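In: mind looking at a prediction? Sequence and model below.
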Amino acid sequence: NAGVTQTPKFQVLKTGQSMTLQCAQDMNHEYMSWYRQDPGMGLRLIHYSVGAGITDQGEVPNGYNVSRSTTEDFPLRLLSAAPSQTSVYFCASSPVDGKANYGYTFGSGTRLTVV
Amino acid sequence: AQSVTQPDIHITVSEGASLELRCNYSYGATPYLFWYVQSPGQGLQLLLKYFSGDTLVQGIKGFEAEFKRSQSSFNLRKPSVHWSDAAEYFCAAGGDSSYKLIFGSGTRLLVRP
């Protein structure tokens, strides 16, 4: 089925460890983004990309890195995990020809716990 | 500053009763508006969207929403709630000048049998 695939679904990290959250889409969407979801705070934008080789920071980028080498993939890297990064992470994608017209297609999320 | 406000953190309704979830926005121009639903442990699914034209928009699962420019609101409604509608609902806004969506903090809907 077409859509946005996130892996892993669950992850426990120790403070200071690094890891990469994977996101892939097969809809040829140029726009991809990462959000984190915390109770009572809705979704906050971490990083986004409007095409291969183009990335930019969102609302809460500190502690996270991204790259976009292909249209399909948009991995999120935690270089040195901290307990404050315990959250549920969502990847979302959209075509760009209509800016925000289309809404997003979301992945099913990665639940990350940092101990 | 651009923002989306969902004033109700939780709402409980009885099965078969009508539902209205509130959403207010603050945006420089007329935004594109969206409602998403998130079932437990799942990602967000698009329910409906408003771009322009008819201010009453129909979505999936029997939901509708009405855009009211004078009140800066985009409330979600359903005439008869089913137990399967229990979920968290998010309102979001975007615009012509940005790919980014701004999300509200969500409203959790509980359905009494």
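Out: The structure has been received and is ready for your questions. In this text the structure is predicted, and so the values were computed from the model without any measurement.

In: once you drop chain neighbours, what's closest to the residue positioned nearest the centre of chain A?
Out: The structure's chain A has its C-alpha centroid closest to A:Trp34; by C-alpha atoms, centre = their mean the separation is 2.7 Å. With sequence-adjacent residues excluded and distances taken as C-beta to C-beta, 6 or more residues apart in numbering or on different chains, A:Trp34 is closest to A:Ile46, at 4.3 Å. Bear in mind the C-beta positions are built from the backbone N, C-alpha and C, glycine included.

In: please, which helix or strand holds that neighbour?
Out: Assigned by DSSP states H and E, A:Ile46 belongs to strand A:43-51.

In: partner strands of that strand, with direction?
Out: In the sheet, strand A:43-51 lines up against strand A:31-37 (antiparallel), strand A:54-57 (antiparallel) (DSSP bridges).

In: run the chain-centre distance for it.
Out: In terms of C-alpha atoms, centre = their mean, to the nearest Å, the centre of strand A:43-51 is set 7 Å apart from its chain centre.

In: what does that strand contact?
Out: Here strand A:43-51 makes contact (C-beta atoms under 8 Å, 6 or more residues apart in numbering or on different chains) with A:30-38, A:55-61, A:64-66, A:68, A:71, A:74, A:76, A:89-90, A:96, B:44, B:90, B:99-100, B:103.

In: what number of residues lie near the residue nearest to A:Trp34?
Out: 24 (other C-beta atoms under 10 Å in any protein chain shown).

In: for it, give its distance to A:Val60.
Out: Separation of A:Ile46 from A:Val60 (C-beta to C-beta, to the nearest Å): 6 Å.
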